[in-house]
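>>> test case, fold it:
(one chain, ligands or ions: 1)
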Amino acid sequence: MKKKVDLAAVLLALSLLLTACAGGPAADTPPATGSPETQTPEPTPSEEQEKTDEELAAFYSSPENLYLLDLTLPLLEEGYVDADTAAFARASALSLTRYARNAGKAAPDDLVGDGEELVELKNGWLDAIGATEDYTPFAPLHFERSTIIDADVYPFMVRGSSANWYFSLEDVREQGYVDFFSSYLRFAPLAERDFADAREYLKDHLPEDNPPVKICVGFHQGNVTTSWFSAEFQYADNDHNRIQLYHDWDSAAYSLLHEYVHYLRREESLPSAFCTEAITEEISTFECENRLQMLCSFDRENKEAFLSYGVWDEENDCLNYRNYEIMAAASYYMGYSGTYISIARYAVTHPEKMSWNYLSYEEGACLARYITELYGKDALLECSTNADLDELIGKPVDEFYREFGEWLLDRYAAFSRS
Ligand SMILES: [Zn+2]
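Reported below is the predicted structural model:
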């Protein structure tokens, strides 16, 4: 039978340790010396461990359990982890706190982190309770309780310099804490670098106020809503706008930078599909390195075909997204495939019906790139309507589109192996 333990008591115990270790008011009794096992006082009722030190020693003698010693906030309660796992985390926190207090060990300011002193403290404790493995930090993230409107779906968040990340309960539970945050740790640093590239490219065109964007990792929601989106920038207002990630990390890697560019350009989200989508796609694909896309594995199953088309990046062993977009755009232009072809080809067959709004993402991105080469990025980024674009190119769209087609086919021929 398990006893329900008050989480507040665990947190209080941790905070007392921090105060003591940070040079705060001296503890009532001087630190004990000698073996912490023999010196451990009887626990007060509020501090009673749900697991004995013997149970903890057995638990941490399995290397796959050591991540729990990160002792991050969501590990201490049922939610991201199950009730029994959380009980182990709380008991560990209490026992570790007691160990540090009784052994007079100095600890850093925080029990979460990867500081040498803290890792040493945790390993000293593991030794003291008789565990056979050593701890190295797994994901020493500073989680905070989320305060967004659907905090019940996304109970915890982590702050970054470009983005604050919110993690859905269901996703972490389904993938498992370790798998989920392993992926996050691979993903987030690349996202930060990609986001910095995008800000640099757009530095003269950014809104004045640019707080970190909210990114909600809610893959499970892709199964119930908007199932064909891999990600979406949802513009509401400064408090509620967010990038919503659907499906899985692969899908997120594929489109996150595009969504972030939407966020940076949010004041320009106007009723021109070209100004909204094509320019955004151009920036994320052609103007930024887009490291995240290199993480995508869903293209690997077609690697042989992509190699034969000249759109595989052999050095990084991933799709070459720029070449891929040029190839896709060229095939639309030539009328080989796709939903968009019958529309885009109006430029040839029914020029009077050609419009900026009719282009696929791939053709739109390539056309935006063509305009950037001809007129410079500032001229393009200053366009927010189709009328602005018309004025910039100074000729009928269908005529311009045919000129673009020649440029596009040249680009395609440069790498095409067919
Ligand atoms: Zn978009």
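
>>> can you give me the helices for the stretch 151-300 of the chain?
Counting by DSSP state H, counting those that start in this stretch, the stretch 151-300 of the chain has helices at residues 169-175, 177-201, 249-264, 273, 279-282.

>>> ok, which stretches of the stretch 301-418 of the chain are strands?
Along the stretch 301-418 of the chain, counting by DSSP state E, counting those that start in this stretch, strands occupy 312-313, 318-319.

>>> distance of the residue most central in space within the chain relative to residue 79?
With the centre of the chain defined as its mean C-alpha position, the nearest residue by Cα atoms, centre = their mean is residue 188, 4.7 Å away. Counting by Cβ to Cβ, to the nearest Å, the gap from residue 188 to residue 79 is 21 Å. The C-beta positions use only the backbone N, C-alpha and C, and glycine is treated the same way.

>>> and if you look at residue 96?
21 Å.

>>> quick one: which of these two has more around it?
residue 96 (26 against 15; other Cβ atoms under 10 Å).

>>> for the helix or strand in which that one is found, packing partners?
Element membership for residue 96 (DSSP states H and E) is helix 83-103. Using 3 or more Cβ pairs under 8 Å, 6 or more residues apart in numbering; DSSP states H and E, the elements in contact with helix 83-103 are helix 7-21, helix 36-39, helix 53-60, helix 116-129.

>>> of those helices, which shows the lowest average pLDDT?
Of all the helices and strands packed on helix 83-103, the minimum mean pLDDT falls on helix 36-39 (a mean of 36).

>>> residues contacting the closest residue to residue 372 other than its chain neighbours?
Counting by Cβ to Cβ, 6 or more residues apart in numbering, residue 372 lies nearest to residue 380, which is 5.4 Å off, once chain neighbours are set aside. Residues near residue 380 by Cβ atoms under 8 Å, 6 or more residues apart in numbering: 279, 368, 371-372, 392.

>>> distance of residue 217 relative to residue 179?
For residue 217, the distance to residue 179 - Cβ to Cβ - is 13 Å.

>>> more crowded one of the two?
residue 217 (23 against 12).

>>> which residues sit in contact with that one?
Per Cβ under 8 Å, 6+ apart, neighbours of residue 217: 154, 165-168, 171, 184, 245, 252.

>>> change it to 7 Å
Each residue near residue 217 by Cβ atoms under 7 Å, 6 or more residues apart in numbering is listed here: 165-168, 171, 245.

>>> also residue 366?
By Cβ under 7 Å, 6+ apart, the neighbours of residue 366 are 325-326, 329, 408.

>>> out of those, who's nearest residue 258?
When the contacts of residue 366 are ranked by distance to residue 258 (Cβ to Cβ), residue 325 comes first, at 11.6 Å.
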